[in-house]
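K.L.:
Quick check, what structure comes out for this input:
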Amino acid sequence: MTLHIDPITPRFGASCSGLDLTRPLTPQEVRQVTDAMNTWGVTVWRNTGMTDEQHVEFSRNFGYLERVPAREGVKMRLPFRELFDASNLNVDGEITRDPAAIEYRKGDRLWHTDSAFMEKRTSYSLLLAHQVPAEGGETWFADTRQAYDDLPQEMKDFLEGKIGINSLWWSRKQAGAAIAEEEIDERPKARHPLVHIHRGSGRKALFIAAHTMDVEGMDKAEGRKLIADLIAHATQPQYIFSVKWNPGDMVIWDNLCTMHKGGEFDYANLKRDMRRTTVREGTEPHQMETGDDPYAALFARAPKVVDIADARVGGR
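P.N.:
Sure thing, here's the model as predicted:
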């Protein structure tokens with residue numbers, strides 16, 4: 001089958017159709033998807049008809065899938081550890097009233113890249129809508145390749161070799177969670193270059209996020225101003241677009257050349273059931289094991305404000 005592409009903006013984002021994602025794809029069809037991702041950064045697939053199992057199996061075409069931490073005796077809402085629960089629902093499928101989960105989710109409405117707080121970065125995220133509110137709840141995307149291209153040469157030179165320090169807890173603090181900075185400093189952090197070469201396209205891209213709290217070697221105040229300025233630059237109107245969801249829609253985005261954030265909706269009264277698979281950078285298609293479980297290790301050291309049974313991981 002042939003992939004059909006309809007650009008959303010002239011250089012960023014595309015609506016895709018023509019492939020049946022519920023069945024196994026041929027290597028040629030997988031290549032069509034990855035080529036589209038390398039070009040457009042974000043692809044939107046409407047009315048896929050995918051089940052949870054098909055979602056997971058399709059995602060394996062692109063590499064190893066990270067897994068939600070499992071805790072003995074803790075019930076999980078979704079049937080596969082490869083599905084990250086990006087909903088506002090509790091394990092019984094009702095709107096959560098847990099204050100910690102609600103507070104944690106606010107960080108999803110900040111511009112970020114998935115898993116920037118992990119040493120092993122995420123390439124693709126694949127988010128599938130199961131139930132969506134009639135109003136709000138869209139997802140916004142930003143083009144960090146074009147944003148880098150448009151920086152003044154003086155800034156490009158300044159950013160060369162700069163390393164960002166990333167923390168999950170920092171983004172949650174920015175969204176209002178009551179976490180002391182001293183406590184954040186005791187938790188795991190990840191170091192990533194602020195600028196890197198996007199392997200799929202050969203273009204340079206910014207790698208910044210709400211998770212990025214400091215710039216290595218810079219004064220804290222100056223580093224944080226730089227991060228805020230770069231995020232503000234990359235999220236100007238010419239670099240962004242939003243996706244309005246319907247049940248069955250899937251969006252794939254490449255975290256190594258984009259940022260994204262969730263839109264506001266009536267979180268307390270309307271259900272939004274979204275499920276995400278997360279591909280680890282640099283892994284092989286259909287790779288089933290890596291010999292580690294980094295999310296379990298991270299959340300074993302989580303501050304009390306986050307309970308993985310309620311807050312889960314990731315979102316949009």
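K.L.:
neighbours around residue 104, how many?
P.N.:
24 (other Cβ atoms under 10 Å). No exception for glycine: its C-beta is placed from N, CA and C like everyone else's.
K.L.:
mind checking how far it is from residue 30?
P.N.:
As defined by Cβ to Cβ, to the nearest Å, residue 104 lies at a distance of 34 Å from residue 30.
K.L.:
With residue 264 instead?
P.N.:
35 Å.
K.L.:
So for these two, which sits in the more crowded spot?
P.N.:
Between residue 264 and residue 30, residue 30 has the larger neighbour count (other Cβ under 10 Å), namely 16 against 10.
K.L.:
May I have the phi/psi pair for that one?
P.N.:
phi -60, psi -40 (degrees, to the nearest 10).
K.L.:
With adjacent residues omitted, what lies nearest to it?
P.N.:
residue 61 (4.8 Å; Cβ to Cβ, 6 or more residues apart in numbering).
K.L.:
check contacts around residue 116.
P.N.:
166, 190, 192, 207, 209, 211, 212, 255 (Cβ atoms under 8 Å, 6 or more residues apart in numbering).
K.L.:
Count the neighbours of the second one for me.
P.N.:
This points to residue 190. Residue 190, neighbours per other Cβ under 10 Å, totals 19.
K.L.:
Going along the chain, name the helices of the chain.
P.N.:
Ranges of helices in the chain, per DSSP state H, are 27-40, 52-59, 99-105, 144-149, 153-159, 168-174, 181-185, 220-234, 294-299, 308-311.
K.L.:
Strands of the stretch 201-316 of the chain, start to end?
P.N.:
204-206, 212-215, 240-243, 250-254, 258-262, 273-280 (DSSP state E, counting those that start in this stretch).
K.L.:
Which pLDDT value goes with the residue of the chain most remote from its centre?
P.N.:
Going by Cα atoms, centre = their mean, the residue of the chain most distant from its centre is residue 154, 29.7 Å out. Residue 154 carries a pLDDT value of 98.
K.L.:
which residue packs closest to residue 107, ignoring adjacent ones?
P.N.:
That would be residue 175: by Cβ to Cβ, 6+ apart, it lies 4.1 Å from residue 107.
K.L.:
got a list of what that neighbour touches?
P.N.:
103, 106, 107, 109, 110, 210.
K.L.:
Tell me how far it lies from residue 285.
P.N.:
Relative to residue 285, and taking Cβ to Cβ, residue 175 is found at 35 Å.
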